[in-house]
Each structure stands twice: as C-alpha cells, then as structure tokens.
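S.K.: Fold the following and give me the result.
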Amino acid sequence: MTPLPEMLRRAVAGWVCCGFASALAAAPIGTEAHDATPLTARARESGLAFTGPDAISLTFEKPSDIITEVSKKFPAAMAQARQSGSFSGELYLQGAYEPWGPEPAAFISLWKCMPKSAWLQPQQNPFARQFNDGGRLLWPIAAMQSSYKESDFGFCVDNRAGFAAAATPVLQAKFAALLNRQTCSGTGPDDCVLVMRLWASLSPDDPGLAVAILRLEHDVMDRPLPELRNPSANWMGVNFADGQARFDEALRRAAFLRAKLLSVLHAPSAWPSGALPRTLRQMSELRGVFAGVYVTRFYVYQLDHRNDPINPWHVLDDTPDSDGRVGYAILPELRRLAEDPATDCAVFAQWFLHSNQFPHTEGNLRRPDPLLQSRYVLAQWRDRRPARCAAPDYEWLRQQTDTDARYVLYGYLALLDGLPADERRDVMDGLTNHGAACTGEAARSGWLEQTCAKRETAAGKKSAHSMRSRP
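M.R.: I've put the predicted structure just below:
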C-alpha cells in the first residue's frame with residue numbers, strides 16, 4: 001500500500017482534532033444548497049486521503065456493499081456517472097494508505113478495478129452490451145488507456161490500485177464467502193461469473209477458485225440460451241433486439257470459461273482428469289453460438305477485439321504452453337470438430353488464431369498458426385479423412401528448420417507415395433512452390449531435391465499419358 005507521507009501524517013492530526021473526520025462522515029455531498037454539510041465534493045474526496053476509514057466505511061461483505069456506500073456519500077456524482085457512463089472527480093477515491101489495513105485496501109481495489117458496468121448497472125448482467133457502446137464499460141475506473149491489459153483485474157489491483165499484497169487475501173476470502181452464500185443469485189457486482197472472473201485474474205492458482213467453479217458450473221453453463229428471434233433474417237433484416245438477450249448471456253458464459261480455463265491451467269491439481277479437453281470443447285461450442293449473421297452485423301458481440309476482457313481464447317495467448325499440453329489438447333478438439341459437417345469454419349479459425357504455438361502477429365494483424373493447421377491436416381490425411389476448413393502452410397513448412405516443423409514436413413513427405421495422383425501432385429506443388437523452389441543450391445540436396453525429382457517424374461508421366469491419349 002502507499003505509505004502515508006510525513007506531511008500527510010501531520011495534517012491528519014490537525015484535521016482530525018478540528019473535527020474534519022466527523023464532518024466527512026456526516027451527510028452526503030450533493031449539489032443542492034441545502035446539503036447538510038458545507039464541504040464540497042472535492043473537499044470530501046481530498047479528505048478521504050487524510051482520514052480514510054473515519055470518513056467512509058471501508059468494510060464490506062460483498063461488492064455491492066461498496067457501491068451502496070459510495071452512492072450514499074456521493075449521490076450526485078453517482079447519478080451523473082450513471083447518466084454519462086463515465087466516472088470523474090471525487091469518484092476516483094484516494095487511498096488506500098499504509099495505516100488503513102487490508103480490508104480498506106481491498107475495498108479501494110475493488111472500487112477502482114471492477115468493470116464500470118457493474119457499478120453503473122448493479123441490477124443487471126454486468127456483461128450486457130448496448131448498441132455501439134464501444135466496450136468501454138468492461139474497463140475499470142482506474143484504467144489509464146483502453147489497452148487489453150488495463151481491463152485485467154489482477155493487473156489493475158497490482159499496478160493501478162497498488163495494493164495486491166494486502167488486498168488479495170481479503171478479496172479471496174470475500175469472493176469465496178459470497179459464492180458460498182449467494183451462489184449465482186446476485187447481479188451487477190455480485191454476479192457469480194463476474195466474481196469468478198475477478199478471482200481468476202487475481203489468483204488463478206487458488207484451489208478455492210477451482211472448487212467454486214466446479215460447484216457453480218451447472219448454474220452458468222447448462223441452462224438453455226435465450227432464443228434468437230427471426231433467425232433466418234439477412235444482414236439488413238436483423239434487429240439488435242432480436243439477439244440481445246441471447247448474446248448478453250453468451251458473453252457471460254465466455255467470461256465464465258475464461259475464469260475456468262485460467263484455473264485449469266494454473267491449478268491443474270485442483271481439477272479432475274479431463275478438465276482441459278472438456279473446457280476446450282465448451283469453448284468450441286460457445287464459439288459456434290457466435291457464428292452467424294447477427295454477430296457479424298452487430299460487432300459489439302464479436303469475441304475478438306470487441307470483448308477482449310472476457311474472451312477465453314486470450315488466456316491461451318497470455319499463458320506459455322511450456323509443456324505442450326494445451327497444443328496437444330487442441331489438436332484432438334479440431335479433429336472432433338471435423339467429424340461434424342455442421343461446424344462453422346469460424347470455430348476452426350478461432351483455434352488457429354489463438355493456439356499459442358506460434359507468434360501470430362504480423363503488424364497489427366493476427367495470422368493463423370501454420371504449425372497447428374499443418375498438423376491438423378496431416379493427422380486427418382493419415383486417417384484418410386477430409387481436413388475441413390484448413391490447408392497445410394507449405395511455404396512456412398519449407399522455410400522452417402526447427403524440430404516440430406520438420407517432423408510435420410517429413411510426415412507429408414511420407415504420405416506422398418500413398419496419396420492418389422492428383423492429391424500427391426498438389427502436395428508436391430505446395431512443397432516446391434509449383435517448381436519454383438527446385439532451382440538453386442537449396443534444391444540440390446535433402447528432402448527438397450528428392451521432392452523436386454518426384455515432381456518432375458510425375459509431370460513427365462502425365463505428359464506421356466496425355467500424348468498417348470490423343471487420337
């Protein structure tokens with residue numbers, strides 16, 4: 001926590017002795033002339049830094065207690081915030097300072113780092129979107145910019161509120177008690193999914209989080225989503241209200257799966273066997289919900305970019321797959337998806353973009369993971385099954401020298417003799433860039449030389465066959 005400067009320590013004594021603390025704790029600050037205390041809102045804001053818990057109750061049992069207390073002390077400012085959708089001035093509560101203790105630190109951390117939507121709409125689903133809302137409500141009060149990391153609760157508590165060491169044990173205990181007591185009956189800041197998301201961001205390795213997620217998963221994931229009204233409408237015929245309830249709830253489930261995946265990856269011993277493949281399957285099923293005209297038309301419901309703070313695939317982007325277990329769990333999931341012809345290719349694309357096996361970015365764009373795509377296609381072809389929604393990245397394979405890429409490359413080479421003639425020619429054309437790679441020093445040794453020779457032989461046989469077939 002922030003140490004209390006010596007000048008501030010001296011001021012506290014003077015202000016408290018003159019009764020400023022009791023004035024701060026008196027009636028709320030508003031804008032009317034008949035307010036019960038003459039202190040302005042700005043003076044009250046500054047006074048919190050001096051008197052802390054003497055000016056405002058910094059204890060709480062559940063997050064909604066915090067908005068109740070702040071609204072009581074700053075009713076006019078909160079009314080303005082709910083009208084404008086943004087916080088300013090005195091609502092940036094000062095503190096906490098070293099003498100205040102762990103619970104005030106947790107109070108201030110929650111206030112500053114909770115998504116603004118929970119404070120502004122305490123009776124609603126905190127993940128609900130509005131038409132053209134820009135996603136700003138998913139960021140906290142303390143965010144200094146709109147970057148993805150600023151939306152992360154753990155980052156905010158540590159870097160914007162600055163109280164992680166003192167606040168974390170209190171928050172863990174409060175979150176666990178709330179979920180035990182209310183299960184999933186809360187809304188706004190007390191919504192069980194929001195609480196689990198905050199907890200997973202703060203301490204994903206906490207076994208208590210895994211216990212809570214396992215206990216409440218049925219309440220979140222197993223109820224049917226609201227129906228999409230007018231499901232056959234085209235781009236111009238669909239209305240925002242047609243899918244608002246459905247996709248607000250779908251975003252809530254995305255936030256849940258984000259929390260679950262964080263816990264599964266960081267506290268694997270707290271989960272039963274098979275938890276990772278099951279979570280990936282749930283993610284695929286959810287991504288299928290977001291495929292279609294409605295989400296394409298109303299971009300506020302797109303998982304990537306528009307809803308980064310709750311997107312479960314970003315967990316894969318942020319978590320190093322040091323032992324390879326995530327990558328090797330994704331491949332069977334892709335092969336399972338390939339068995340269902342109804343699976344939209346957007347579901348495959350989501351995995352290729354977020355597999356965390358390859359540095360995806362090219363400038364500001366993401367590119368699909370070429371290793372995962374090539375491994376998936378190879379596995380399907382080995383079993384004589386179609387590889388839906390993907391193709392090998394031959395150019396990338398030809399240029400790589402690392403062990404994983406070469407293993408996949410040699411897998412394609414081993415398939416050549418067993419493929420039908422047309423498919424064999426396609427693979428050889430891909431690996432040799434239609435023969436362009438068969439010139440120069442690189443083509444005079446190793447696998448490329450052999451592949452170029454096979455391609456040339458196949459081309460000769462095709463030409464001879466064509467000549468014999470002429471009348």
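
S.K.: which stretches of the stretch 1-150 of the chain have low pLDDT?
M.R.: For the stretch 1-150 of the chain, the stretches with pLDDT under 70 are 1-56, 90, 134-135.

S.K.: Please repeat the previous calculation with a cut-off of 90.
M.R.: 1-58, 73-74, 82-101, 130-139, 144-148 (pLDDT under 90).

S.K.: need the helices for it, in chain order.
M.R.: With helices called from DSSP state H, counting those that start in this stretch, the stretch 1-150 of the chain shows them at 6-17, 20-24, 41-51, 63-73, 75-84, 102-113, 116-120.

S.K.: centroid residue for this protein?
M.R.: N311 (2.9 Å; CA atoms, centre = their mean).

S.K.: okay, now the residue lying closest to that one once chain neighbours are set aside: neighbour count?
M.R.: In space, and not counting its chain neighbours, N311 is closest to L303: 4.9 Å by CB to CB, 6 or more residues apart in numbering. The C-beta positions use only the backbone N, C-alpha and C, and glycine is treated the same way. Residues lying near L303 (other CB atoms under 10 Å) number 21.

S.K.: Is A459 located within a helix, as I assumed?
M.R.: Yes: A459 sits within a helix when classified using DSSP: H, G, I helix; E, B strand; the rest coil.

S.K.: That one - how many residues pack around it?
M.R.: Applying other CB under 10 Å, I find that A459 has 14 neighbouring residues.

S.K.: and the gap between it and M428?
M.R.: In this structure, A459 and M428 are 9 Å apart, going by CB to CB, to the nearest Å.

S.K.: just checking, the residue nearest to N311 touches A254?
M.R.: Yes: using CB atoms under 8 Å, L303 is in contact with A254, at 6.4 Å.

S.K.: Now the common contact residues for the two.
M.R.: Overlap of the contact sets of L303 and A254 (by CB atoms under 8 Å, 6 or more residues apart in numbering) consists of N311.

S.K.: residues in contact with the residue nearest to N311?
M.R.: A254, R287, F290, N311, W313, Q350.

S.K.: Verify the assumption that it is located in a helix.
M.R.: No: L303 is assigned coil when assessed by three-state DSSP, not a helix.

S.K.: For L331, see how far away it is.
M.R.: 22 Å.

S.K.: A387 too?
M.R.: For A387, the distance to L331 - CB to CB - is 12 Å.

S.K.: just P169 next, same as before
M.R.: 39 Å.

S.K.: now do E441
M.R.: From E441 to L331 the distance is 35 Å (CB to CB).

S.K.: More neighbours: which of these two?
M.R.: Neighbours per residue (other CB under 10 Å) separate E441 from L331, with L331 holding more: 16 against 6.

S.K.: Next, the contact list for that one, please.
M.R.: L372, R375, Y376, A379.

S.K.: Now name the helix or strand holding it.
M.R.: Following DSSP states H and E, one finds L331 within helix 325-338.

S.K.: Quick one: distance of that helix to the chain centre.
M.R.: The chain centroid and the centroid of helix 325-338 are separated by 20 Å under CA atoms, centre = their mean, to the nearest Å.

S.K.: cool, stretch 260-273 as well?
M.R.: 17 Å.

S.K.: and Q80, how many residues sit next to it?
M.R.: Count around Q80 with other CB under 10 Å applied: 16.

S.K.: cool, G430 as well?
M.R.: For G430, using other CB under 10 Å, the count is 17.

S.K.: Surely L337 is in contact with F348?
M.R.: Yes: judged on CB under 8 Å, L337 makes contact with F348 at a distance of 6.5 Å.

S.K.: any shared contact partners between these two?
M.R.: The contact lists of L337 and F348 share R388, where a contact means CB under 8 Å, 6+ apart.

S.K.: what touches both of A387 and L331?
M.R.: With CB under 8 Å, 6+ apart, A387 and L331 have common neighbours Y376.

S.K.: The helix ranked longest in the chain versus helix 325-338: what angle between them?
M.R.: Secondary structure of the chain read by DSSP state H shows that its longest helix is helix 240-266. When axes from the mean of the first three to the mean of the last three CA atoms, to 10 degrees is applied, the directions of helix 240-266 and helix 325-338 differ by 140 degrees.

S.K.: Could you give the separation of helix 240-266 from the chain centroid?
M.R.: 9 Å.

S.K.: Just the buried positions in that helix, please.
M.R.: 240, 242-266 (16 or more other CB atoms under 10 Å).

S.K.: What are the buried residues along the helix holding L331?
M.R.: Buried residues in helix 325-338 (16+ other CB under 10 Å): V326, G327, A329, I330, L331, E333, L334, L337, A338.

S.K.: next one: stretch 139-153
M.R.: W139, P140, I141, A142, A143, E150, S151, D152, F153.

S.K.: And the strands in the stretch 251-400 of the chain?
M.R.: Remark: strands assigned in the stretch 251-400 of the chain by DSSP state E, counting those that start in this stretch are 361-362, 365-366.

S.K.: can you tell me the average pLDDT over the first one?
M.R.: Taken as a whole, strand 361-362 has a mean pLDDT of 48.

S.K.: Over to the last one?
M.R.: Taken as a whole, strand 365-366 has an average pLDDT of 66.

S.K.: So which elements touch the longest helix of the chain?
M.R.: Counting contacts by 3 or more CB pairs under 8 Å, 6 or more residues apart in numbering; DSSP states H and E, helix 240-266 is packed against helix 192-202, helix 207-221, helix 275-289, helix 293-297, helix 313-318.

S.K.: quick check: mean pLDDT across the shortest one?
M.R.: For helix 293-297, the mean pLDDT works out to 94.

S.K.: Just the CA atoms of it, as PDB, please.
M.R.: Below are the C-alpha coordinates for helix 293-297, written out as PDB (Å, rounded to 0.1, in the frame of the first residue of the first chain):
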ATOM      1  CA  VAL A 293     -25.300 -13.100 -39.400                       C
ATOM      2  CA  TYR A 294     -26.300 -11.500 -36.200                       C
ATOM      3  CA  VAL A 295     -22.900 -11.200 -34.600                       C
ATOM      4  CA  THR A 296     -21.400 -10.200 -38.000                       C
ATOM      5  CA  ARG A 297     -24.000  -7.400 -38.200                       C
END
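
S.K.: got the buried residues for it?
M.R.: V293, Y294, V295, R297.

S.K.: could those residues go into TSV alongside distance to Q83?
M.R.: Listed next are the buried residues of helix 293-297 as TSV, based on distance: CB to CB, whole Å:
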residue	distance to Q83
V293	34
Y294	29
V295	29
R297	28
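
S.K.: Go through these and name the one nearest T279.
M.R.: V295 (21.8 Å; CB to CB).

S.K.: roughly how far apart are the closest one and Q302?
M.R.: Distance from V295 to Q302, by CB to CB: 6 Å.

S.K.: V193 too?
M.R.: Distance from V193 to Q302, by CB to CB: 19 Å.

S.K.: Have a look at those two and say which one is more surrounded.
M.R.: V193 (26 against 15).

S.K.: Need the distance between the two termini of stretch 143-158.
M.R.: 12 Å (CA to CA, to the nearest Å).

S.K.: Other residues contacting it?
M.R.: 109, 112-115, 136, 138-140, 142, 160, 163-164, 167-168, 171, 197-198, 201-203, 308-309, 314.
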